[in-house]
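Novice: Predicted model and sequence follow; I will ask about them next.
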Amino acid sequence: MSNVEADPVEIECENGPPAGTSGRPLIEVITSREVPLGGPRAMPVRRTLPQRQRSLIGAWCFADHYGPDDVALTGGMDVAPHPHTGLQTVSWLFTGEIEHRDSKGVHATVRPGEVNLMTGGHGICHSEVSTPTTTILHGVQLWVALPDEARDAPRNFEHYVPSIANLDGGCARVFLGSLAGSESPVHTFTPLLGAELTLDPRAEMRLDVDPTFEHGVLVDTGAVRLEHVDLARADLGYAGTGASTLILTNLTDEPARVVLLGGAPFGEEIVMWWNFVGRSHADIEAYRDAWQAESDRFGRVDGYTGTVQRLPAPPLPNARIRPRRNPPSA
């Protein structure tokens with residue numbers, strides 16, 4: 001997915017986990033901001049990462065949550081070919097389908113319960129279009145920052161269909177990393193966790209997690225309590241490192257659904273601007289120039305039939321990128 005903001009925020013950040021108390025993690029609530037994605041009538045998405053209060057959770061550096069979206073009213077998703085560097089994109093749907101095309105030559109369909117991960121280290125471009133049969137579009141689009149030694153990794157694409165793991169209080173689909181005995185074979189360059197969790201009505205779910213990870217719980221449907229903190233729909237609850245369990249409680253009489261993200265604290269400064277992840281303002285400048293010049297760095301997407309054949313990069317900010325770091329541990 002592209003960040004199609006006309007004036008994208010530039011971000012330089014260094015990740016760091018907050019400390020917990022008495023073996024339990026402190027919980028920080030990150031609320032979303034609405035961003036128009038594009039399409040004929042500007043399909044809205046709810047963005048929780050990056051925010052001014054927190055830029056990364058592990059290597060997760062971008063999280064868009066959208067839908068349920070009636071494509072007859074919004075026009076659905078139609079994102080023309082656009083570039084990426086220094087990151088992996090992770091597509092996960094609850095409802096609907098998206099046609100993916102990229103400059104590695106991959107033509108794939110994103111479907112509910114199936115993860116598609118695209119690696120755009122040195123450079124890649126891709127398009128995303130909701131399929132003609134899609135009436136309701138609902139899902140998340142996530143980005144993972146690549147560590148310095150892998151940020152020039154070649155283009156790649158992986159697809160995986162996780163099985164459902166039954167848990168006390170609900171079930172899980174683990175699309176990255178491992179949880180509750182389920183493990184994804186999809187390759188990441190830093191230790192990560194990504195899972196869809198469904199909580200039974202009024203149920204409590206206790207998850208054994210890696211205490212070296214920080215975690216984020218993004219609420220898709222319902223109202224959920226993470227440890228002692230209540231989260232509404234579209235909230236992202238952040239828990240720092242140190243706890244070996246996380247406790248989730250469904251506060252409603254209907255099933256609730258969340259996306260659990262986790263990872264080892266990233267520990268590197270990165271710069272994010274538009275669809276690029278780099279290490280400096282100069283990196284971003286070079287990536288933008290290469291995209292505008294239609295450089296071979298990004299290749300080309302074949303088969304996209306939209307009106308605009310490639311998204312132009314926005315103008316660079318007048319000022320150089322200034323550092324932005326996660327807050328000190330509380």
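Specialist: Sure, I can see it.
Novice: For the rest of this, base every contact and every neighbour count on C-alpha atoms.
Specialist: Noted.
Novice: residue ranges for the helices of the stretch 151-300 of the chain, please.
Specialist: For the stretch 151-300 of the chain, applying DSSP state H, counting those that start in this stretch gives helices covering 281-292.
Novice: List the contacts of the residue lying closest to E158 once chain neighbours are set aside.
Specialist: Using Cα to Cα, 6 or more residues apart in numbering and skipping the chain neighbours, the partner closest in space to E158 is L117 (5.2 Å). Contacts for L117 (Cα atoms under 8 Å, 6 or more residues apart in numbering) come out as 88-91, 157-159, 186.
Novice: redo that, cut-off 7 Å
Specialist: 88-91, 157-159 (Cα atoms under 7 Å, 6 or more residues apart in numbering).
Novice: What helix or strand is it located in?
Specialist: In this assignment (DSSP states H and E), L117 forms part of strand 115-120.
Novice: pLDDT at the closest residue to V219 other than its chain neighbours, what is it?
Specialist: The spatial neighbour of V219 that comes closest, neighbours along the chain excluded (Cα to Cα, 6+ apart), is V258 at 4.4 Å. pLDDT, V258: 98.
Novice: now do V35
Specialist: V35 is given a pLDDT of 87.
Novice: What distance do you get for L49 to Q141?
Specialist: Noted for L49: a distance of 11 Å to Q141, by Cα to Cα, to the nearest Å.
Novice: Common neighbours of the two, please.
Specialist: A63.
Novice: Who has more neighbours out of these two?
Specialist: The neighbour comparison of L49 against Q141 (other Cα atoms under 10 Å) goes to L49, with 23 against 18.
Novice: Please compute how far the strand holding L117 lies from its chain's middle.
Specialist: 11 Å (Cα atoms, centre = their mean, to the nearest Å).
Novice: Check which helices and strands whatever helix or strand comes next after it sits against.
Specialist: Proceeding N to C from strand 115-120, the next assigned helix or strand is strand 124-130, under DSSP H and E. Other elements packing on strand 124-130 under the criterion 3 or more Cα pairs under 7 Å, 6 or more residues apart in numbering; DSSP states H and E are strand 78-84, strand 98-102.
Novice: need those strands in CSV with distance to D210, mean pLDDT and mean neighbour count, can you?
Specialist: Below are these laid out as CSV (distance: least, Cα to Cα, whole Å; pLDDT from 0 to 100; neighbours: other Cα atoms under 10 Å):
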stretch, distance to D210, mean pLDDT, mean neighbour count
strand 78-84, 30, 95, 26
strand 98-102, 33, 98, 23
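Novice: just so I know, which of those strands lies nearest I321?
Specialist: I321 lies closest to strand 78-84 among the helices and strands packed on strand 124-130, at 18.5 Å (Cα to Cα).
Novice: how about whichever helix or strand comes after that closest one: buried residues?
Specialist: Next along the chain after strand 78-84, taking DSSP H and E as the criterion, comes strand 87-95. Under the neighbour-count criterion of 16 or more other Cα atoms under 10 Å, strand 87-95 has 87-95 buried.
Novice: How about stretch 168-179?
Specialist: 169-179.
Novice: mind listing the strands for the stretch 1-150 of the chain?
Specialist: For the stretch 1-150 of the chain, strands defined by DSSP state E, counting those that start in this stretch occupy the ranges 11-14, 27-30, 33-36, 44-49, 60-70, 78-84, 87-95, 98-102, 107-110, 115-120, 124-130, 136-145.
Novice: Considering those, which stretch scores lowest in mean pLDDT?
Specialist: When I compare the strands of the stretch 1-150 of the chain, strand 11-14 is least confident, with a mean of 50.
Novice: Report how many residues lie close to S184.
Specialist: With other Cα under 10 Å as criterion, S184 counts 19.
Novice: now the one 10 residues further on
Specialist: Other residues within reach of G194, judged by other Cα under 10 Å, total 25.
Novice: Distance check, it against G216.
Specialist: On the measure of Cα to Cα, G194 and G216 end up 10 Å apart.
Novice: again with L73
Specialist: In terms of Cα to Cα, L73 sits 31 Å off from G216.
Novice: These two: which is more packed in?
Specialist: G216 (28 against 12).
Novice: ok, now which ones touch the more buried one?
Specialist: By Cα under 7 Å, 6+ apart, the contact list for G216 reads 57, 236-239, 260-262.
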